[in-house]
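Enquirer: Fold the following and give me the result.
(chains A, B, C and D)
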There are 2 protein chains.
Amino acid sequence: MTDLHTTNALRLLQAADDFRAGLSGEFAAVHGISVNEFLLMLHLERSAAKRLSRVDLAKRMHVSASTITRMAAPMEKIGLVDREIDARDARLVFVVTTDAGREKLFQALATFSKRAGDLFDDRWDDEEVEKFASMVRRLMAATGDMLA
Amino acid sequence: MTDLHTTNALRLLQAADDFRAGLSGEFAAVHGISVNEFLLMLHLERSAAKRLSRVDLAKRMHVSASTITRMAAPMEKIGLVDREIDARDARLVFVVTTDAGREKLFQALATFSKRAGDLFDDRWDDEEVEKFASMVRRLMAATGDMLA
DNA sequence: GCAAATTAATTGCGTTTGCAAGCATATTGC
DNA sequence: GCAATATGCTTGCAAACGCAATTAATTTGC
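Expert: Residues are numbered from 1 along each chain as shown, chains lettered A, B, ... in the order given. A predicted model of the protein is given here:
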């Protein structure tokens, strides 16, 4: 319990929750999307083929496949994403961002970056920021085509 | 978007989500509680008075007060927590852990620590772990009586 | 080449959550 | 001391989510 690894893991969860909570309100108010909708589009943007199947998205976002289906439906309706069918495998239904979706993504990303700047504020020097980047990179479960 | 602060914030979210997802399954299977129920009891344990009102818990956990009400109800029913009334302010309903709840908390904490050990595995040396601790500490929104 | 097993997506159902309204108690302003 | 305001908690309602079952399509074993 006083083990430093445990403390670090707890702080990791808390810091991420704090940051996400702050983001959530601003995203809803300014951009009209949820953090999860933002992350969905970001995953698409960062994928090699700029498109992902529902199960791929589900794995990356740690949600069930049915959640992706139900998240994508309203996003299609308001024109943020579209669906694409694979010619070789008729089971696959890819999610792709529309131009409007990509624009919305970049707007939201600007808000995200502003918040990220506040998070790593003045008291962090460049070397520390770099060091943190390499550390937190090691913490992510590596999957090749994953988020940043 | 390629800004290092932004990358760090994204990785922070992803790493925390990855870790939480892994924890979630094991907590449900081994201990029969959710990560949020675990964190609720942990917040109580770490609070100065070993008890917190519903709104205090809500703020620390970034959920609504109604969620705390609805989380606490089944936890009271199975004997993990209990309620305490404040003599001076009849509006307050404190949540406190029972002995059984504290035991469950420590069991879950052992699982948590094991996972945390896997997260910061062999490739991290002591100095790095210490460095990470001080860094992620700065990232948490300071509230005095907060989580670790 | 075909049956069996696997994989992808969707839908029904129950659970969890947030928002807004409502109620009870405290605090403030005068 | 009392009305107005603020705070803490709970509940109704709707949105979001996971699990299990279903359907459709592909892959595997022989």
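
Enquirer: what's the burial count for A:Met135?
Expert: Using other CB atoms under 10 Å in any protein chain shown, the number of residues around A:Met135 comes to 20. No exception for glycine: its C-beta is placed from N, CA and C like everyone else's.

Enquirer: contacting residues for it?
Expert: Contacts of A:Met135 were listed using CB atoms under 8 Å, 6 or more residues apart in numbering or on different chains, and they are B:Glu128, B:Lys131, B:Phe132, B:Met135.

Enquirer: before we move on, what about A:Ala108?
Expert: Applying CB under 8 Å, 6+ apart to A:Ala108 gives the contacts A:Phe27, A:His31, A:Ile33, A:Phe38, A:Met41.

Enquirer: ok, for the most centrally placed residue in chain A, nearest residue in space, not its chain neighbours?
Expert: Among the residues of chain A, A:Leu39 comes closest to the average C-alpha position under CA atoms, centre = their mean, at 2.7 Å. Spatial nearest neighbour of A:Leu39, excluding adjacent residues (CB to CB, 6 or more residues apart in numbering or on different chains): A:Met61 at 6.3 Å.

Enquirer: okay but that neighbour is in contact with A:Asn36, surely?
Expert: Yes - proximity of A:Met61 to A:Asn36 meets the contact threshold set by CB atoms under 8 Å, at 6.9 Å.

Enquirer: From chain B, how far out is A:Ile85?
Expert: With distances defined as CB to the nearest CB, to the nearest Å, the gap from A:Ile85 to chain B amounts to 29 Å.

Enquirer: Can you report how many residues lie near the closest residue to that residue other than its chain neighbours?
Expert: For A:Ile85, the nearest residue in space outside its immediate sequence neighbours is A:Val93; the separation is 6.6 Å by CB to CB, 6+ apart. Residues lying near A:Val93 (other CB under 10 Å) number 15.

Enquirer: show me the contacts for A:Val93.
Expert: When the contact criterion is CB under 8 Å, 6+ apart, the partners of A:Val93 are A:Ser53, A:Arg54, A:Arg83, A:Glu84, A:Ile85.

Enquirer: can you tell me which of these are in helices?
Expert: Counting by DSSP state H, the part of the contacts of A:Val93 found in helices is A:Arg54.

Enquirer: got the CA coordinates for stretch A:17-36 in PDB?
Expert: Backbone C-alpha positions of stretch A:17-36 (Å, rounded to 0.1, in the frame of the first residue of the first chain) are rendered in PDB as follows:
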ATOM      1  CA  ASP A  17      -9.500  11.100 -14.200                       C
ATOM      2  CA  ASP A  18      -8.900  14.700 -13.200                       C
ATOM      3  CA  PHE A  19      -7.800  15.700 -16.700                       C
ATOM      4  CA  ARG A  20     -10.600  13.800 -18.400                       C
ATOM      5  CA  ALA A  21     -13.200  15.300 -16.100                       C
ATOM      6  CA  GLY A  22     -12.000  18.900 -16.900                       C
ATOM      7  CA  LEU A  23     -12.000  18.100 -20.600                       C
ATOM      8  CA  SER A  24     -15.400  16.500 -20.600                       C
ATOM      9  CA  GLY A  25     -17.300  19.700 -19.700                       C
ATOM     10  CA  GLU A  26     -15.400  21.900 -22.100                       C
ATOM     11  CA  PHE A  27     -15.900  19.400 -25.000                       C
ATOM     12  CA  ALA A  28     -19.600  19.200 -24.400                       C
ATOM     13  CA  ALA A  29     -20.000  22.900 -24.100                       C
ATOM     14  CA  VAL A  30     -17.700  24.100 -26.900                       C
ATOM     15  CA  HIS A  31     -17.700  21.300 -29.400                       C
ATOM     16  CA  GLY A  32     -20.900  19.400 -28.600                       C
ATOM     17  CA  ILE A  33     -19.100  16.000 -28.500                       C
ATOM     18  CA  SER A  34     -18.100  13.700 -25.700                       C
ATOM     19  CA  VAL A  35     -14.500  12.800 -24.900                       C
ATOM     20  CA  ASN A  36     -15.200   9.300 -26.100                       C
END
